[in-house]
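[1] generate a structure from the sequence data that follows.
(one chain, ligands or ions: 1)
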Amino acid sequence: MMDILARISKSLIAGEEEKVGELTDAAITQGVPPKQILDEGLIAAMAVVGDRFKAHEIFLPDVLLAAKAMYAGMDRLRPLLVTQDLPTRGTVVLGSVQGDLHDIGKNLVGIMLKGAGFEVIDLGNDVAPEKFLEAVEQHRVQVIGMSALLTTTMPVMKTVVEMVKEKGLTGRVKVIVGGAPVDADFARRIDADAYGFDAANAVEKVKSLTGVS
Ligand code: B1M
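    Numbering: from 1, shown residues only. The predicted structure follows:
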């Protein structure tokens, strides 16, 4: 089992999109649990990519290839992580904040939320604050979920929380934030209702925000 996960990681780091897809299929066939493939094969490798990029050992095009390879693996896992026939437990509007093009983590949160029975309105990446509020007005949204991967885009989360307050929606619409540079302390400081440290934790937090057990 370790061998196939290590091979997935190695291929992802090398940006081998097709191979990551094939190896993910092989791991699924071998019976490796999807969550383990995700955590130990794909996400662990992406952390290495981040470290190497930071150390200037690899460059942006390499990171882009690794991201494509990550999606090849995630596409294989998606159907296994999302169950179709659960009753709807509430609606979450989700997006990577304005200025932020990173969407892998946000998409994982979306997959996991759908898997837990939530309806997800995914606004994509680079989402302007007003867009979150427009979605709240147009749909019966219980939770706004925002993702940021850049320290420079984190302040947009505060803007959205302030807009929620200004519109008198505090309490009716809850806000959860997450992403690599975000932490619980930051979430508290901007008055967000919750912080999710990973996709599974985000689901737990959204369940508790919406009173779903
Ligand atoms: Co960029 N990037 N990147 N990048 N990139 C980081 C974030 C960086 C840390 C790399 C580094 O220097 N080590 C660094 C940020 C530094 C900083 O702000 N302090 C960085 C930089 C600098 C940049 C550019 C500025 C580079 C440049 O242009 N010179 C540029 C910015 C573009 C922009 O957004 N405007 C840029 C571009 C890119 C790519 C486009 C090439 C690509 C993104 C492709 C894509 O997303 N479609 C990319 C990638 C892939 C990364 C790294 C390597 C990996 C991110 C990732 O997908 N991780 C990243 C390094 C790193 O994070 N270690 C890096 C895997 C993913 C599963 O994890 O997103 O953290 P993550 O999500 C987790 C949790 O955080 C959490 O759950 C997820 C699952 O466990 N979570 C939530 C996320 N959102 C949540 C929301 C929640 C709850 C939990 O509630 C709603």
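[2] C-alpha from now on. contacts and neighbour counts both.
    Will do.
[3] wait, Gly178 touches Ala148, no?
    Yes. Gly178 lies in contact with Ala148 (Cα atoms under 8 Å); the separation is 6.6 Å.
[4] what residues does the protein put near the ligand?
    Residues of the chain that fall close to the ligand, judged by Cα under 6 Å from any ligand atom: 43, 46-47, 49-51, 53-54, 60, 63-64, 67, 99-106, 108, 145-147, 149-151, 176-180, 196-199, 202.
[5] sitting in helices, which of these do you find?
    With helices taken from DSSP state H, the overlap with those comprises 46-47, 49-51, 53-54, 60, 63-64, 67, 104-106, 108, 199, 202.
[6] now those residues: which count as buried?
    Met46, Val49, Val63, Ala67, Ile104, Gly105, Lys106, Leu108, Ala199, Ala202 (16 or more other Cα atoms under 10 Å).
[7] how about the residues you listed in JSON lines, adding pLDDT?
    Formatted as JSON lines, those follow (pLDDT from 0 to 100):
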{"residue": "Met46", "pLDDT": "95"}
{"residue": "Val49", "pLDDT": "96"}
{"residue": "Val63", "pLDDT": "95"}
{"residue": "Ala67", "pLDDT": "93"}
{"residue": "Ile104", "pLDDT": "97"}
{"residue": "Gly105", "pLDDT": "96"}
{"residue": "Lys106", "pLDDT": "97"}
{"residue": "Leu108", "pLDDT": "94"}
{"residue": "Ala199", "pLDDT": "94"}
{"residue": "Ala202", "pLDDT": "97"}
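[8] just name the closest of those residues to Asp191, please.
    For those, the minimum distance to Asp191 (Cα to Cα) is 16.8 Å, reached by Ala202.
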